[in-house]
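In: the sequence and its predicted three-dimensional model are supplied below.
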Amino acid sequence: MTPTRRALATTLALTALLATAPTTAQAAGTPQHPWYFDTLRVDDIWEHTKGEGITVAVIDSGVDLTLPELQGQVLDGTDLTASPQGAHVDTDGHGTDMAALIAGTGEGQGIQGLAPEAQVLPIRVTNGGMTTELPARWAAAIEYAVESGAQVINISQASPHDDPTRQAMAAALATAARNDVLIFAGSGNDGEGLNNPSAPNSLEGVVSVGAVDRTGEHIPYSTYGPQVTLAAPGNDVPGHCDGLSGPACVREEGGTSSATALASASAALIWSQHPDWTKNQVLRVMLNTAERSDDQRRDDYTGYGIVRPDRVIVDGEGDPGDPDSPPIFRDWEAGLVPPATPEPTPETTPDDSAEPAPGPEAEAAATSDDGSPLPWILGGTAAVVLVGLTGWLLLRRRA
């Protein structure tokens, strides 16, 4: 362990008394009270906010709203898969677990989420496994989430990153940025393999989230690199170990999927407490209040640090700064071309000395020559990005 990582581990251990305190059933972690609730002082956070007024879009395998902890928490959503069955169908279970980590109520001994009064907008893009159409579906899903009023988008998925992916998602990511929407995506679970960058987490406009354990240490499977922006707990996190029909459990080994859901929930809590803030301000305070080592420098393993929404909500820390200034992706956002808008029709000033009104031929010509460009179409990228996309692999760690 490096001195930097040792310092961070010591800080978190002292904060939560997790490494040395005698364990009890609750301190050891349960689906209703996972270990990070103590670290993040969740009970204190909930005295201020539980995420009310915030919608988090979960782009994943669907969300099963019949689970007790998700009843009343899930909106209608949409299914973008090749054979749609509905956004509330989840044969894989992954999307449902992510939704529960964000907004679960703990009812019926189910998963207790970090922001239990936030609403989940389910957008089904896969039922697990491989698909050649994932980037196009991500793009359509982001556009749908923006149009549906989501403030936060959670993508606990990853695939190889190449130029077709960037092209497929460029317009959708620009749409989200223009509409003040935050996007979080898992950094991937390839840290022990080739550690190749993946999408969408390494694309401009997406906050990449890595995974740490209960000591604050980077988990080896968590993909690392310059794209990592923040980190959150990835192991010993609630889920369903035997499928959605079984009871909730605590998974000893999870993934950056879970870390991403907890980062999204943290943003929802902060935004709920400060509804007048922009995405730039929410992200800025998340960055400058994140738990990090004493040298306060960013690294490729946890980015700017581990999310600490309690510091913002309970302690009032963090300077939101300029609402219009992005804390990251500045050059990218500055270069975004605004969508085209119709040019105004020139107005004429009444003049008593003007010539007589034009005849029928001239009037017909005037009214048929609009001069305004076609409106900007949000879904315009979906049809052109499917050509040539092969071999997409969904990289998700299953406990």
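Out: Received the coordinates, thanks. Computed from a predicted model, the values in this text were never measured in an experiment.
In: next up, the contacts around residue 52.
Out: Contacts for residue 52 (C-beta atoms under 8 Å, 6 or more residues apart in numbering) come out as 117-118, 272. For the C-beta atoms, the positions are set from N, CA and C on the backbone; glycine is no exception.
In: top of those residues by neighbour count?
Out: Among the contacts of residue 52, the one with the most neighbours (other C-beta atoms under 10 Å) is residue 118, at 28 neighbours.
In: so how far is residue 145 from that residue?
Out: Applying C-beta to C-beta, to the nearest Å, the value for residue 118 to residue 145 is 14 Å.
In: and if you look at residue 44?
Out: As judged by C-beta to C-beta, residue 44 and residue 145 stand 30 Å apart.
In: which one's more surrounded, these two?
Out: Counted by other C-beta under 10 Å, residue 44 and residue 145 do not tie: residue 145 has more neighbours, with 30 against 12.
In: so residue 122, which state does it fall into?
Out: Per DSSP: H, G, I helix; E, B strand; the rest coil, the local secondary structure of residue 122 is strand.
In: wait, residue 134 sits on residue 128?
Out: No - with contacts counted by C-beta atoms under 8 Å, residue 134 stays clear of residue 128, the gap being 11.7 Å.
In: can you flag which of the contacts of residue 52 belong to helices?
Out: Among these, the members falling in helices are residue 272 (criterion: DSSP state H).
In: ok, the contacts of residue 52 vs residue 49, which is closest?
Out: Nearest to residue 49 among these: residue 272, at 4.4 Å, using C-beta to C-beta.
In: contact partners for the closest one?
Out: 49-54, 115, 117-118.
In: what's the span of stretch 80-88 from first residue to last?
Out: In stretch 80-88, first residue to last residue: 12 Å (C-alpha to C-alpha, to the nearest Å).
In: adding pLDDT and distance to residue 140, write the contacts of residue 272 out as TSV.
Out: TSV is the format used below for the contacts of residue 272 (pLDDT from 0 to 100; distance: C-beta to C-beta, whole Å):
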residue	pLDDT	distance to residue 140
49	98	31
50	98	31
51	98	26
52	98	28
53	98	26
54	98	22
115	98	26
117	98	28
118	98	23
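In: what ranges does the stretch 151-300 of the chain have for its helices?
Out: Secondary structure of the stretch 151-300 of the chain (DSSP state H, counting those that start in this stretch): helices at 163-178, 256-273, 279-288.
In: most packed of those helices?
Out: Mean neighbours per residue, mean count of other C-beta atoms under 10 Å, is largest over the helices of the stretch 151-300 of the chain for helix 256-273, with a mean of 29.
In: okay, the angle between that one and helix 279-288?
Out: 120 degrees (axes from the mean of the first three to the mean of the last three C-alpha atoms, to 10 degrees).
In: return the distance of helix 256-273 from the chain's centre.
Out: How far helix 256-273 lies from its chain's middle: 8 Å, per C-alpha atoms, centre = their mean, to the nearest Å.
In: picking that back up, ok, residue 134 and residue 128, which is more surrounded?
Out: residue 134 (23 against 16).
In: roughly how far does the more buried one sit from residue 112?
Out: Remark: distance between residue 134 and residue 112 (C-beta to C-beta) = 30 Å.
In: before we move on, the earlier item: what's the closest of the helices of the stretch 151-300 of the chain to residue 235?
Out: That would be helix 256-273 among the helices of the stretch 151-300 of the chain, by C-beta to C-beta, at 8.2 Å.
In: buried ones in stretch 157-164, by neighbour count?
Out: 157-161, 164 (16 or more other C-beta atoms under 10 Å).
In: could these be laid out in JSON lines, adding distance to residue 193?
Out: What follows is these, written out as JSON lines (distance: C-beta to C-beta, whole Å):
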{"residue": "157", "distance to residue 193": "17"}
{"residue": "158", "distance to residue 193": "12"}
{"residue": "159", "distance to residue 193": "14"}
{"residue": "160", "distance to residue 193": "12"}
{"residue": "161", "distance to residue 193": "15"}
{"residue": "164", "distance to residue 193": "22"}
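In: rebuild these as JSON lines, extending it with pLDDT.
Out: Below are the buried residues of stretch 157-164 laid out as JSON lines (pLDDT from 0 to 100):
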{"residue": "157", "pLDDT": "95"}
{"residue": "158", "pLDDT": "92"}
{"residue": "159", "pLDDT": "90"}
{"residue": "160", "pLDDT": "86"}
{"residue": "161", "pLDDT": "86"}
{"residue": "164", "pLDDT": "90"}
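In: report the contact partners of residue 237.
Out: 34, 36, 101, 250-251, 254, 258, 262 are the contacts of residue 237 under C-beta under 8 Å, 6+ apart.
In: ok now stretch 46-59, how far from the chain's centre?
Out: 13 Å.
In: revised request: answer the last question for stretch 177-186.
Out: 7 Å.
In: just the terminal-to-terminal distance for that stretch.
Out: 19 Å.
In: what does it contact?
Out: 142, 145-146, 150-158, 173, 176, 200-201, 205-209, 211, 255-257, 259-260, 263-264, 267, 278-279, 282-283, 329, 333, 336, 338-339, 396.
In: switch the cut-off to 6 Å
Out: 146, 152-156, 158, 176, 200-201, 205-207, 209, 256-257, 260, 263-264, 267, 278-279, 333 (C-beta atoms under 6 Å, 6 or more residues apart in numbering).
In: tell me the phi and psi of residue 76?
Out: phi -70, psi -50 (degrees, to the nearest 10).
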